[in-house]
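Asker: Return atomic coordinates for the entry below.
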Amino acid sequence: MNHSLGMAIETLVAILLMLTIVYCVMLNKRLTRLKADEHSLKAVIGELITATEIAERAIGGLKLAVRDVNENLGSQLAAATQMSDQLYKQLGEADNVVRRLSKIAIAARPVTNPEPVAAPAPKPSTAKAVAAAAEAFSERRRSNGLAA
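Answerer: I've put the predicted structure just below:
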């Protein structure tokens, strides 16, 4: 009985050793795949670091570009505001000149009616009204023989 019990124990140990060897082979394969994945993961991490550095440089360049654009846009906006103010003043002066010209044109008309004619209220002139007034004025001057 001792002999068969020893044989059973040795057989059990042999089976357990075989299972351990099979398990170690499986673990070896998994470790090999894990190392291969580690190398590919290191390559991916290296690429991500490179891409991050490139992105950081691009962001720095964009910040400089935005700063330059803000400075240029600010100066151009100030110049445009100044020019707008100048144009507004010149338009006001042009309206005054047109009003004076219309008063001169009214005063230069030959009086055919002895009744006093009330001067029309000055209205803001438009380009068509100015052109029509200038044309009427030149026609009157030609009819009186004063045209050059």
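
Asker: ok, then the element right after the top helix by length along the chain?
Answerer: Using DSSP state H, we find that the single longest helix of the chain is helix 2-108. Remark: after helix 2-108, the chain's next helix or strand is helix 127-143, criterion DSSP states H and E.

Asker: Pull the distance from that following helix to the chain's centre.
Answerer: 48 Å (CA atoms, centre = their mean, to the nearest Å).

Asker: low-scoring stretches of this protein, by residue?
Answerer: By pLDDT under 70, the weakly predicted segments of the chain are 1, 111-125, 141-148.

Asker: on that earlier part again, output the contacting helices and strands for the longest helix of the chain.
Answerer: helix 127-143 (3 or more CB pairs under 8 Å, 6 or more residues apart in numbering; DSSP states H and E). For the C-beta atoms, the positions are set from N, CA and C on the backbone; glycine is no exception.

Asker: Buried residues of the helix it packs on, list them for me.
Answerer: V130, F137 (16 or more other CB atoms under 10 Å).

Asker: Next, the angle from it to helix 2-108.
Answerer: Orientation of helix 127-143 against helix 2-108 (axes from the mean of the first three to the mean of the last three CA atoms, to 10 degrees) gives an angle of 20 degrees.

Asker: And helix 127-143, what does it pack against?
Answerer: helix 2-108.

Asker: Can you give the distance from the helix it packs on to the centre of its chain?
Answerer: The chain centroid and the centroid of helix 2-108 are separated by 18 Å under CA atoms, centre = their mean.

Asker: how far away is I45 from A133?
Answerer: Separation of I45 from A133 (CB to CB, to the nearest Å) stands at 80 Å.

Asker: Please apply the same query to S102.
Answerer: Plainly put, S102 is 6 Å away from A133 if you go by CB to CB.

Asker: what's the distance between M18 and S4?
Answerer: From M18 to S4 the distance is 21 Å (CB to CB).

Asker: Ok, T50 next?
Answerer: 69 Å.
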